[in-house]
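Novice: Here is the input, now give the coordinates:
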Amino acid sequence: MARRVGVTVDCASPTKLAAFWRDLLDYVDDPPPEGYASWEEYDRANAVSQEEIDAGATIVDPRGIGPRVFFQRVPEPKRVKNRVHLDVAVATAHSGEERIGEIRQAARELVERGASWVAESGDPLDFFIVLRDPEGNEFCLV
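Specialist: Next comes the predicted model:
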């Protein structure tokens, strides 16, 4: 039985972290509910407080294939390694130095945007780079 999957990320700054992941995954902000031109219009019409607005942000795959990702503000900071992480395919080449170069280039660009470098595999046949997003959540570029 096929089921849709969503991912929820606990964080300190939902809007900022959602923007980082939106760009990395080629996602878009979750569109407002039907009948509303924007989330601001929806929030005004439904008396949503600024605190509630700032408490979360959602991004979605515009093709409708990937999971919905919700970022929710929590008071505690991240303290330990993730038990689950995302592998993000950034390389178009399937093997060799070209693939490794594409992954390294993507990692450099993400570091410029706030990610931090953790490690890279030494295996050219299974090459990946481990990064942390701006709030310390680990993910791999493959």
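
Novice: which non-adjacent residue is nearest the residue located most distally from the centre of the chain?
Specialist: Distance from the C-alpha centroid of the chain, by C-alpha atoms, centre = their mean, peaks at A45 (29.2 Å). What sits nearest to A45 in space, not counting adjacent residues and going by C-beta to C-beta, 6 or more residues apart in numbering, is Y36, at 7.0 Å. Every residue, glycine included, has its C-beta placed from N, CA and C.

Novice: and that neighbour, how many neighbours?
Specialist: A count of neighbours around Y36, defined by other C-beta atoms under 10 Å, yields 15.

Novice: Relative to V130, how far out is it?
Specialist: Counting by C-beta to C-beta, to the nearest Å, the separation of Y36 from V130 is 40 Å.

Novice: and if you look at Q105?
Specialist: Note on Q105: its distance to V130, by C-beta to C-beta, is 16 Å.

Novice: Which elements pack onto the helix or strand that contains R104?
Specialist: In this structure, R104 sits in helix 96-112 according to DSSP states H and E. Applying 3 or more C-beta pairs under 8 Å, 6 or more residues apart in numbering; DSSP states H and E, we find helix 96-112 packed against strand 116-120, strand 129-132, strand 138-141.

Novice: mind listing what's buried in the second one?
Specialist: Of the residues in strand 129-132, I129, V130, L131, R132 count as buried by neighbour count, 16 or more other C-beta atoms under 10 Å.

Novice: I am finished for the moment; much appreciated.
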